[in-house]
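[1] model this:
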Amino acid sequence: MASLPREMGKDGLPETGKTKAATVVRSLASVFMHADAVDVALMVLGLVGAVGDGMSTPMMLFLANRIFNDIGSGPDRLQQFTSKMNENARNILYLAVGNFVMAFLEGYCWTRTAERQASQMRLRYLRAVLRQDVEYFDLKAGSTSEVITAVSNDSLLVQDVLSEKLPNFVMNCSMFLGGYVVGFALLWQLTLVMLPSVPLLVVPGFLYGRVLIGPARRIREQYTRPGAIAEQAVSSVRTVYSFVAETSTMAQFSAALEESTRLGIKGGLAKGVAIGSSGISFAIYAFSVWHCSRLVMYYGYKGGTVYAVSTAIIIGGTALGSALSNVKYVRNN
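    Numbering: from 1, shown residues only. Now for the predicted structure:
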C-alpha cells in the first residue's frame, strides 16, 4: 500500500527471507484493520459460506460414487433400484440447496464487508491527510492528485482482496481438504498412489502466483511515473508550450512507460507458462484412468468409486494451486 501519514504508515523496510512470514501476517492484518463488529460478523458468515462452497464439489463426487455404483450394479430388484435412485436424487437436491446458501453467504457477505471497510479506509485516510501541516504536502505528498490516486488505488486493492481473492483462497483450500478427505474415505489405496502427484498439480498455480509477485508490485509503482509526468504537463501546458518542451515531455513519458512495458511482457510470459503447465493435470488423469482400470479388473473395485476418488484428488490438487495464486494479492497490500 502507499505511504500513509502517521498512524496509517508502513515501515518500508526491505523484505528478506526471514521476514516473509511476518510480511504476510502484517499484510493480512492491514487488510482487516478497518473492520468493526458488523464486519467481523459478515466475515465469519462469509468464511462459513466459502468453506461450504468449497466442500460442495467433493460432496458431489461422493454422491456421484454412489450413483454410478447403483447404476452399474443393475436393477436386480426394480423397486429397490428405484428407491436408491430417488434417494440419490433427493441428496443431490439437498446438496444443491446447501451449495446455493453457502455460495450466497460467500458472495454477499465478503462483498458487503469489502465495501464497508474500503469506505472506512478512505474516510480515515482523508481525516489523517487533513490533519497534516502544510509542509507535508510540499515535502512528502508530491501533489494533490497523487494523494487522491494513492488512497483510491489502495482502497480498491483492499476491496478486491476482501471481496474476491480471500474468499477464493478459503474456498479452494476447503475444496483441497474435502477432496482428499473423500479420497481417503472411499479408497485410501488409490489416494496414496496418487498422493505424489499433488506437487505437480500445485505447480501451475504456485508458479503463477510466485512469479507475478515482484512484477505486479513494480508495475503498479511504475505506472505512477508516466501519470505524474502527464499530469504535470497538462497542468502546466502553457509553460510547456512557451519553452517548446513538447518533444522532451513526450520523450520522458515514453521512457517512463518502457519499464512498465518490460515488466508487463515478463508477467504475460509467466502467465502463459503457468496456464500452459496446467496440462500436467491431463497427464495425471491419464495415469489415473490406467491404474483405475487395473483396480476394477484385478481387484474388484467398483467403477464409480475409482472415478470419484481419482477426480477428487485431481480437483483437490488443482484447487490448492489456485489457492496459492491468490496469496500474492494479500502480500501486495
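
[2] how many neighbours does Gly303 have?
    16 (other Cβ atoms under 10 Å). For every residue, glycine as well, the C-beta is placed using N, CA and C.

[3] From Gln232, how far out is Gln252?
    Gln252 is 10 Å from Gln232, where distance means Cβ to Cβ, to the nearest Å.

[4] ah, wrong one, I meant Ala283
    From Ala283 over to Gln232 the distance is 54 Å, taken as Cβ to Cβ.

[5] neighbour-wise, which of these two wins?
    The neighbour comparison of Ala283 against Gln232 (other Cβ under 10 Å) goes to Gln232, with 16 against 11.

[6] Now that one: which helix or strand?
    According to DSSP states H and E, Gln232 maps onto helix 198-235.

[7] Which helix or strand lies directly C-terminal to that helix?
    Using DSSP H and E, the helix or strand that directly follows helix 198-235 along the chain is helix 237-242.

[8] And the helix or strand following that following helix, how far out from the chain middle?
    Per DSSP H and E, the first helix or strand lying C-terminal to helix 237-242 is helix 246-276. Remark: helix 246-276 is offset 24 Å from the chain centroid, using Cα atoms, centre = their mean, to the nearest Å.

[9] in helix 246-276, what's buried?
    Going by neighbour count (16 or more other Cβ atoms under 10 Å), the buried part of helix 246-276 is Thr249, Gln252, Phe253, Ala256, Leu257, Glu259, Ser260, Leu263, Lys266, Gly267, Ala270, Ala274.

[10] Do I have it right that Ser197 meets Ile313?
    Yes - Ser197 is within contact range of Ile313, at 7.4 Å (criterion: Cβ atoms under 8 Å).

[11] Please name the residues that touch Ala245.
    Thr239 (Cβ atoms under 8 Å, 6 or more residues apart in numbering).

[12] tell me the phi and psi of it?
    Note on Ala245: its backbone torsions stand at phi -100, psi 20 [degrees, to the nearest 10].

[13] now it: how far from Ala230?
    Distance from Ala245 to Ala230, by Cβ to Cβ: 13 Å.

[14] Also Tyr180?
    Counting by Cβ to Cβ, the gap from Tyr180 to Ala230 is 52 Å.

[15] go on, Thr82?
    To Ala230, Thr82 is 72 Å away according to Cβ to Cβ.

[16] Looking only at neighbour counts, state which of the two leads.
    In this view Thr82 and Ala230 are compared by other Cβ under 10 Å, and Ala230 has more residues nearby, 15 against 11.

[17] ok, now which ones touch the more buried one?
    Ala230 sits next to Phe253 when contact means Cβ under 8 Å, 6+ apart.

[18] what does Gln117 give?
    Gln117 neighbours (Cβ under 8 Å, 6+ apart): Val31, Phe32, His34, Ala35, Asp39, Val158, Gln159, Leu162.

[19] Once you drop chain neighbours, what's closest to the last one?
    Across the structure, with Cβ to Cβ, 6 or more residues apart in numbering as the measure, the residue nearest Leu162 apart from its sequence neighbours is Ala114 (3.6 Å).

[20] Check the fifth one too.
    Spatial nearest neighbour of Asp39, excluding adjacent residues (Cβ to Cβ, 6+ apart): Thr113 at 4.6 Å.

[21] for the fourth one, same thing?
    For Ala35, the nearest residue in space outside its immediate sequence neighbours is Gln117; the separation is 5.7 Å by Cβ to Cβ, 6+ apart.
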